[in-house]
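Colleague: Structure of the sequence below:
(one chain, ligands or ions: 2)
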Amino acid sequence: MSSRRATSLPGLARDLGAVLHRTVRDGAAHEAGVVPGVLRRAVLDELAAGAFVPLPPVEGPFGVRQEGEHLVLTGAEIDRWPAVRSLHAAVVAAVHEHTAEIDGLAEWHPDEITVQRYLPGSSGISVHRDGRRHRGLVAILTLEGSARLRQCSDREGTTVRSFDADAGSLVVLRGPGLAGVEDDRPLHAVDGPSGHPRTSFTLRVARPTPG
Ligand SMILES: O=C(O)CCC(=O)C(=O)O
Ligand SMILES: [Fe+2]
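Modeller: Ligands and ions are numbered 1, 2, ... in the order given. From the prediction side, this is the model:
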């Protein structure tokens, strides 16, 4: 029943060529209005049943600070959530439209979805790089709410680009192997949400590279 509803959900509202080319050039890029409202709401409704857990408040050797809660879906788990699966399929299809122009996109088959919720007053996540195993690119969609997502030039948080990660928007981060660059992952941070809770939906490759 729910899968019939999910198959009638729309795809993405924007072509991703421009944002992908900006990501290749700058390491991180933003596009507004990517996820139609009906698709965002279907995913949020479905995720209301999810078992969110608090993020570890401090993580990794650099002591990255995190304030929020998350739900991680991997591999076949993704298929159990019809609307989540629709959004995942829509993003992969939109990225794969550009495989002929940018090396590394054809191999991008994200098998991990992280949903993160930040309440007003949260400080977000401090400056970090996403893990090396997340090849190709990291795609961060915002399902509701808004916050500044900042690309930084150092771990003190000097901001080189600031993106409005608001409902429907996409931020793309460069991962290892994108456009022939083996590893130049951007430092970035996300601030706390403005006024209302923010929920992000991030697609990453997590499986080890074969061979
Ligand atoms: O919630 C987001 O906007 C993504 C935050 C982030 O950089 C991460 O989870 O690695
Ligand atoms: Fe990150």
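Colleague: The longest helix along the chain: which residues count as buried?
Modeller: Using DSSP state H, we find that the single longest helix of the chain is helix 82-96. Buried residues in helix 82-96, counted by 16 or more other Cβ atoms under 10 Å: Pro82, Ala83, Val84, Arg85, Ser86, Leu87, His88, Ala90, Val91, Ala94, Val95. All C-beta atoms are positioned from the backbone trio N, CA, C, and that covers glycine.
Colleague: what about stretch 189-207 and ligand 1, any contact?
Modeller: Yes - Stretch 189-207 is in contact with ligand 1 by Cβ under 6 Å from any ligand atom, via Val190, Ser200, Thr202.
Colleague: what's the offset of that stretch from the middle of its chain?
Modeller: Relative to its chain's centre, stretch 189-207 lies at 7 Å (Cα atoms, centre = their mean, to the nearest Å).
Colleague: and that stretch, which residues are buried?
Modeller: Result for stretch 189-207 [16+ other Cβ under 10 Å]: buried residues 189-193, 198-206.
Colleague: For Gly180, give me phi and psi.
Modeller: Main-chain dihedrals, Gly180, degrees, to the nearest 10: phi 80, psi 0.
Colleague: got a markdown table for the buried residues of helix 82-96, with distance to Val115 too?
Modeller: Output for these, formatted as a markdown table (distance: Cβ to Cβ, whole Å):
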| residue | distance to Val115 |
| --- | --- |
| Pro82 | 15 |
| Ala83 | 12 |
| Val84 | 8 |
| Arg85 | 13 |
| Ser86 | 15 |
| Leu87 | 11 |
| His88 | 12 |
| Ala90 | 16 |
| Val91 | 14 |
| Ala94 | 19 |
| Val95 | 19 |
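Colleague: ok so, going back, make a markdown table out of the buried residues of stretch 189-207 and add secondary structure and pLDDT.
Modeller: Shown next, in a markdown table, are the buried residues of stretch 189-207 (DSSP: H, G, I helix; E, B strand; the rest coil; pLDDT from 0 to 100):
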| residue | secondary structure | pLDDT |
| --- | --- | --- |
| Ala189 | strand | 98 |
| Val190 | strand | 98 |
| Asp191 | coil | 98 |
| Gly192 | coil | 97 |
| Pro193 | coil | 97 |
| Arg198 | strand | 98 |
| Thr199 | strand | 98 |
| Ser200 | strand | 98 |
| Phe201 | strand | 98 |
| Thr202 | strand | 98 |
| Leu203 | strand | 98 |
| Arg204 | strand | 98 |
| Val205 | coil | 98 |
| Ala206 | coil | 97 |
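Colleague: from what I can see Ala165 touches Leu143, true?
Modeller: No - at 10.6 Å, Ala165 does not count as touching Leu143 under the criterion of Cβ atoms under 8 Å.
Colleague: Now do the shared contacts for these two.
Modeller: Common contact partners of Ala165 and Leu143 (Cβ atoms under 8 Å, 6 or more residues apart in numbering): Ser200.
Colleague: the inter-axis angle of the longest helix of the chain versus strand 198-204?
Modeller: Here helix 82-96 points in a direction 60 degrees away from that of strand 198-204 (axes from the mean of the first three to the mean of the last three Cα atoms, to 10 degrees).
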